[in-house]
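[1] Have a look at this fold, sequence not included:
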């Protein structure tokens, strides 16, 4: 299994509070991704990173920001959480950006916004 | 724009029976196709992938998938299902040039009866 951990694994928060989710990898892969998983939608890309301090938006980036100060860590921040951001969040990594490359997924973080 | 359709939301089979999970894609060029499995409470694990060459692809855990360009399909099969195969299965289509264009289907939940 790829060395990917996510923290916390579960979190319950209130609307309007800031939330930060962490993804940590031990594989030294250059590319990291944040997805959210919702019933009926599969997985949708929020943001991704192609190197330290290099990030870009995905399909559903509104309301989210990311940061990557070290190769191994990719943070996802909800500046002011809303109930629509209740979801399961997955981090993924890949060695390259080539379409043939495999994305490896972390165990996920279940976030509930009340 | 690329898209993936998994027509079956939920499938139930008996242990030992054969299995086929359907996946149809829409993509302008030759697609890169993936099948992932997600066990309850876990992240996604890659079962197999197709880029080119032999249209019948072998994966882990005894799964295989066949790429049929004429039908825009990439169906997943297993000749004899085990109770441990109960999980959610996701088909995904990607672009050749970058991994941030990976699009997931909405998933098929497989239930296995003894």
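    Received the coordinates, thanks. The structure presented is a predicted model; accordingly, all values stated were derived computationally and were not measured.
[2] Chain A contacts on chain B?
    When proximity is defined as C-beta under 8 Å from any C-beta of the partner chain, chain B approaches chain A at B:4, B:32, B:34, B:36, B:41-46, B:49, B:51, B:90, B:94-102, B:104-107. Every C-beta, even on glycine, is put in place using the N, C-alpha and C of the backbone.
[3] The same query, at a cut-off of 10 Å, please.
    Counting by C-beta under 10 Å from any C-beta of the partner chain, chain B comes close to chain A at B:4, B:6, B:9, B:30-32, B:34, B:36, B:38, B:41-46, B:49, B:51-52, B:88, B:90-107.
[4] In strands only, show me these.
    Judged by DSSP state E, those include B:4, B:32, B:34, B:36, B:38, B:44-46, B:49, B:88, B:90-94, B:103-104 as members of strands.
[5] Name only those of the residues of chain B next to chain A that count as buried.
    B:4, B:6, B:31-32, B:34, B:36, B:38, B:43-46, B:49, B:51, B:88, B:90-95, B:98-107 (16 or more other C-beta atoms under 10 Å in any protein chain shown).
[6] Provide a list of residues in contact with the most centrally placed residue in chain A.
    Geometric centre of chain A, nearest residue: residue A:34, 2.6 Å, by C-alpha atoms, centre = their mean. Residue A:34 makes contact with A:6, A:21, A:23, A:44-49, A:55, A:58, A:60-61, A:64, A:66, A:74-76, A:89-92, A:106, A:109, according to C-beta atoms under 10 Å, 6 or more residues apart in numbering or on different chains.
[7] Run me through the strand neighbours of the helix or strand encompassing it, direction for each.
    Taking DSSP states H and E as the definition, one finds residue A:34 inside strand A:31-38. Sheet pairing of strand A:31-38 (DSSP bridges) gives strand A:42-51 (antiparallel), strand A:87-94 (antiparallel).
[8] can you list these in JSON lines and add mean pLDDT and mean neighbour count?
    Shown next, in JSON lines, are these (pLDDT from 0 to 100; neighbours: other C-beta atoms under 10 Å in any protein chain shown):
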{"stretch": "strand A:42-51", "mean pLDDT": "92", "mean neighbour count": "21"}
{"stretch": "strand A:87-94", "mean pLDDT": "95", "mean neighbour count": "24"}
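[9] out of those, nearest to residue A:16?
    Residue A:16 sits nearest to strand A:87-94 of all the strands paired with strand A:31-38, at 17.1 Å, using C-beta to C-beta.
[10] Quick check: mean pLDDT of the very next helix or strand once past the closest one?
    Per DSSP H and E, the first helix or strand lying C-terminal to strand A:87-94 is strand A:104-105. Mean pLDDT, computed over strand A:104-105, is 92.
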